[in-house]
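Colleague: coordinates only, sequence not included:
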């Protein structure tokens, strides 16, 4: 079964020779499960507990399955994933673990495995183990082409790099990484920081070095968690972008992901099935805020920036900004992106804005696209503007 998992995981080919596993620490595999389930780094309390459990046991695989089973019953997991179909769940795990959409054959395999009654927790545990421990060499995988093996290696490098940064986050921040709001951990600043720190990690080791150096630079600040969650002043003139509270981020994500959790009729764009939830990305939020501020202040309504002083990216570029210009200005390294804007909701309630997008075919299709993995959303109010409330929603995939 494990041999088949390795290949289905990467390329949905068949494997006849036994691949050798590489040595990966129990701490790394624990971090891998945190990433798979919640796309976040472990907190110190959690890592210490499961590391202690592993030390008391001679069976790391059993401990990891125990952890996976516990995660599958966690309220945060239930709120995010329990409502998803087996297929949508598999798609979400692919994105969390490997950072990319799964191939159709692989998604079919895992979905069928779930449909046969194998538990979600066992699937995730095996998925993470295969992702991290496979020794991807031509000798171990003789039936894979050079290009297919390179793709598999790229995916393994990505999840490995995420675990390296996650380990640095937990070790460097120590007690700062612990979650205080255990009733609603998704609203806790440390929880949000544990997600934010993994943003922008790719298969290049340089992305790991940058994050580790960043963590080193903030560890002696008064509140490193706030530093991670904070927003840099990256625009021009007096354009400090406000930092959203954890409650505001949670409200935005809940409104978006509840819409994505069920089938939506986007009319001329077709029927869209339920899709995996999106993760928050602060850089996409920065770009969204800039555009909402520009629209509200310049009293315009377009995906193109106003070209005035409040089009901060446009000022830097010397031309009215485009959505792509803005997300690049805030250093989001996109493989794909999209933008929704709305105005005239006359309320700051996120669910109203999301419903307005669902009622518009093109915006609905954008919101329900399975190509997106991250989102940032902002609203700016200006009583003297025509529509008063201006919303921007930026989607992206790295």
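Modeller: That came in fine, so what should we check first? Just so you know, these numbers come straight off a predicted model, no measurement behind them.
Colleague: what about the strands in the stretch 251-398 of the chain?
Modeller: 264-265, 271-272, 279-280, 336-343, 374-381, 389-397 (DSSP state E, counting those that start in this stretch).
Colleague: Determine the set of other helices and strands touching the second one.
Modeller: Under the contact criterion of 3 or more C-beta pairs under 8 Å, 6 or more residues apart in numbering; DSSP states H and E, the helices and strands touching strand 271-272 comprise strand 264-265. (Each C-beta comes from the backbone N, C-alpha and C, glycine too.)
Colleague: does residue 279 really touch residue 374, like I thought?
Modeller: Yes: using C-beta atoms under 8 Å, residue 279 makes contact with residue 374 at a distance of 5.1 Å.
Colleague: By residue count, which helix of this protein is the longest?
Modeller: helix 146-173 (DSSP state H).
Colleague: Mind listing what's buried along that helix?
Modeller: Buried residues in helix 146-173, counted by 16 or more other C-beta atoms under 10 Å: 149, 151-152, 154-170, 172-173.
Colleague: List the contacts of residue 377.
Modeller: The contact partners of residue 377, taken as C-beta atoms under 8 Å, 6 or more residues apart in numbering, are 252, 256, 285, 288, 350, 391, 392, 393, 394.
Colleague: For it, list each beta-bridge partner.
Modeller: Taking DSSP bridges as the rule, residue 377 bridges to residue 393.
Colleague: what's the closest of the contacts of residue 377 to residue 130?
Modeller: Comparing the contacts of residue 377 against residue 130 with C-beta to C-beta places residue 256 closest, at 30.7 Å.
Colleague: And the pLDDT at that closest one?
Modeller: Residue 256 carries a pLDDT value of 96.
Colleague: For residue 122, see how far away residue 50 is.
Modeller: 17 Å (C-beta to C-beta, to the nearest Å).
Colleague: which of those two has more neighbours?
Modeller: residue 50 (23 against 15; other C-beta atoms under 10 Å).
Colleague: which stretch of helix or strand covers that one?
Modeller: helix 44-55 (DSSP states H and E).
Colleague: what is the mean pLDDT for that helix?
Modeller: On average, helix 44-55 scores 95.
Colleague: And that helix, what does it pack against?
Modeller: helix 26-38, helix 60-72, helix 146-173.
Colleague: Rebuild the ones you listed as a markdown table, extending it with distance to residue 82.
Modeller: Output for these, formatted as a markdown table (distance: least, C-beta to C-beta, whole Å):
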| stretch | distance to residue 82 |
| --- | --- |
| helix 26-38 | 12 |
| helix 60-72 | 9 |
| helix 146-173 | 24 |
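Colleague: Can you redo the ones you listed as JSON lines, where the extra columns are distance to residue 110 and mean pLDDT?
Modeller: Shown next, in JSON lines, are these (distance: least, C-beta to C-beta, whole Å; pLDDT from 0 to 100):
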{"stretch": "helix 26-38", "distance to residue 110": "13", "mean pLDDT": "91"}
{"stretch": "helix 60-72", "distance to residue 110": "14", "mean pLDDT": "92"}
{"stretch": "helix 146-173", "distance to residue 110": "15", "mean pLDDT": "90"}
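Colleague: Which one of those helices lies nearest to residue 138?
Modeller: Nearest to residue 138, of all the helices and strands packed on helix 44-55, is helix 146-173, at 6.6 Å by C-beta to C-beta.
Colleague: just how off-centre is the helix or strand just after the closest one within its chain?
Modeller: The C-terminal neighbour of helix 146-173 among helices and strands, as given by DSSP H and E, is helix 189-196. Centre-to-centre, helix 189-196 and its host chain are 12 Å apart (C-alpha atoms, centre = their mean, to the nearest Å).
Colleague: Report the secondary structure state of the residue nearest to residue 132 when sequence neighbours are not counted.
Modeller: Spatial nearest neighbour of residue 132, excluding adjacent residues (C-beta to C-beta, 6 or more residues apart in numbering): residue 24 at 4.9 Å. Recorded secondary structure, residue 24: coil (DSSP: H, G, I helix; E, B strand; the rest coil).
Colleague: Ramachandran coordinates for residue 24?
Modeller: phi -130, psi 130 (degrees, to the nearest 10).
Colleague: quick revisit: pLDDT check: weakest of the contacts of residue 377?
Modeller: The minimum pLDDT among the contacts of residue 377 falls on residue 350, with 91.
Colleague: That one reaches residue 250, doesn't it?
Modeller: No: using C-beta under 8 Å, residue 350 is not in contact with residue 250, being 9.9 Å away.
Colleague: Can you report how many residues neighbour residue 138?
Modeller: Using other C-beta under 10 Å, residue 138 is surrounded by 11 other residues.
Colleague: That one touches residue 150, doesn't it?
Modeller: No: Residue 138 is beyond contact range of residue 150, at 10.9 Å (criterion: C-beta under 8 Å).
Colleague: Any buried residues in stretch 104-114, and which?
Modeller: Buried residues in stretch 104-114 (16+ other C-beta under 10 Å): 106, 107, 109, 110, 111, 113, 114.
Colleague: ugh, wrong one, stretch 129-149
Modeller: Buried, per 16+ other C-beta under 10 Å, within stretch 129-149: 129, 130, 131, 132, 133, 134, 136, 140, 141, 144, 149.
Colleague: quick one: it to chain centroid distance?
Modeller: The answer for stretch 129-149 is 26 Å, by C-alpha atoms, centre = their mean.
Colleague: What of stretch 189-209?
Modeller: 10 Å.
Colleague: buried sites along that stretch?
Modeller: Of the residues in stretch 189-209, those buried (16+ other C-beta under 10 Å) are 189-203, 207-208.
Colleague: what residue lies at the spatial centre of the chain?
Modeller: Nearest residue to the geometric centre of the chain (C-alpha atoms, centre = their mean): residue 279, 3.8 Å.
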